[in-house]
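**Student:** give the three-dimensional model of this entry:
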Amino acid sequence: MTLNQYIRDVQDFPKEGVMFKDITPLLNNPKAVRECMALLLNNLRDRKIDKVVGVESRGFFFATLLAYELNAGFVPVRKPKKLPFATVSASYELEYGTDTLEVHTDAIKPGDRILIHDDVLATGGTAAAVCELVEKLGGEIVQCNFLMELSFLNGREKLGNREVYAPLVY
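**Tutor:** Next up, the predicted model:
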């Protein structure tokens, strides 16, 4: 099975000139979801993971499944004012402006071994901000894990020497 056949290209979304990689066809196919999970878990089975951090919103789909399979906790990272308890935040650059992400202050304890998951690694700004949040709280990042990587946008560069894995690379 090739997962690429379940990724739909949508031209000019969310704005003109962008080719959006839509994962909803993959999510709609149980066999594709199982294959995707097998690939994402392939090099994690023998590694201790305490928490899986999922990034709003498409990162939540597989992050919760990964947490379940790894017998780990799930930590949501969300846009501002979406979490009900005390938070810590990190801002990052967008093409036109900045954005901010937040996590609960009690979600990660010093020494927790963390898997970060999001649907796509593009420019790396979001992932770098999530790494900053995890490290502010004392977490140790085991891997930054993505369903797909848009390698032509060089997002890995913003992640430094952290381990990065994505089964689909464009």
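
**Student:** separation between the most centrally placed residue in the chain and residue 16?
**Tutor:** Centroid-nearest residue in the chain, with C-alpha atoms, centre = their mean: residue 118, separated by 1.6 Å. Remark: distance between residue 118 and residue 16 (C-beta to C-beta, to the nearest Å) = 24 Å. In this view, the C-beta of every residue, glycine as well, is placed from N, C-alpha and C.

**Student:** what's near enough to touch residue 7?
**Tutor:** By C-beta atoms under 8 Å, 6 or more residues apart in numbering, residue 7 lies in contact with 21, 22, 23, 25, 26, 148, 168.

**Student:** can you check residue 88 too?
**Tutor:** Contacts of residue 88 (C-beta under 8 Å, 6+ apart): 102, 103, 105, 133, 136, 137.

**Student:** which residues in this structure form strands?
**Tutor:** 8-11, 19-22, 51-55, 73-77, 87-94, 97-104, 113-121, 140-149, 164-165, 168-169 (DSSP state E).

**Student:** indicate which one of the ones you listed is closest to residue 155.
**Tutor:** strand 113-121 (4.4 Å; C-beta to C-beta).

**Student:** residue 8: neighbour count?
**Tutor:** 12 (other C-beta atoms under 10 Å).

**Student:** for the protein, which spans come out with low pLDDT?
**Tutor:** Regions of the chain meeting the criterion pLDDT under 70 cover residues 95-96.

**Student:** how about a cut-off of 90?
**Tutor:** Applying pLDDT under 90 to the chain flags residues 1, 14-15, 18, 43, 45-46, 93-98.
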